[in-house]
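Peer 1: coords below, sequence missing:
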């Protein structure tokens, strides 16, 4: 499972999104396989990745399976904790504590 966050430096929502994901994943026992990737939309690489994934608002968070299939998408807002916890609970390794 992989969370992709598209944002910009200095964006408070983008920073909060990264902190929230780190906290929720950290609370989930045995979640070493859950990845978080940040794409800076102020760089050429970030803009290219954002264009490929139809990102038009920041922050945008896309949750993908291990095979790269999208499972969820949140645009212009922080992913709700309840939803993130539900996805983490459904991942191999058991429920979130």
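Peer 2: Okay, I see it. Bear in mind that the values here come from a model prediction, so they are computed numbers and not experimental data.
Peer 1: Next SSE downstream of the host helix or strand of residue 51?
Peer 2: Using DSSP states H and E, residue 51 sits in helix 44-52. Using DSSP H and E, the helix or strand that follows helix 44-52 towards the C-terminus is strand 60-64.
Peer 1: Please point out which parts of that next one sit buried.
Peer 2: When burial is assessed from 16 or more other C-beta atoms under 10 Å, strand 60-64 yields the following buried residues: 60-64. All C-beta spots, glycine's among them, are computed from the backbone N, C-alpha and C.
Peer 1: Okay, and the beta partners of residue 38?
Peer 2: Using DSSP bridges, the bridge partners assigned to residue 38 are residue 5.
Peer 1: you'd agree it is up against residue 9?
Peer 2: No. Residue 38 is beyond contact range of residue 9, at 10.0 Å (criterion: C-beta atoms under 8 Å).
Peer 1: of those two, who's got more company?
Peer 2: Neighbour totals were compared for residue 38 and residue 9, and residue 38 leads with 15 against 10 (other C-beta atoms under 10 Å).
Peer 1: wait, what's in contact with the more buried one?
Peer 2: 5, 7, 18 (C-beta atoms under 8 Å, 6 or more residues apart in numbering).
Peer 1: Include neighbour count when you put these into JSON lines, please.
Peer 2: What follows is the contacts of residue 38, written out as JSON lines (neighbours: other C-beta atoms under 10 Å):
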{"residue": "5", "neighbour count": "21"}
{"residue": "7", "neighbour count": "25"}
{"residue": "18", "neighbour count": "18"}
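Peer 1: so how far is residue 25 from the nearest residue in space to residue 49 that is not next to it in sequence?
Peer 2: Spatial nearest neighbour of residue 49, excluding adjacent residues (C-beta to C-beta, 6 or more residues apart in numbering): residue 39 at 4.8 Å. Distance of residue 39 to residue 25, given as C-beta to C-beta, to the nearest Å: 18 Å.
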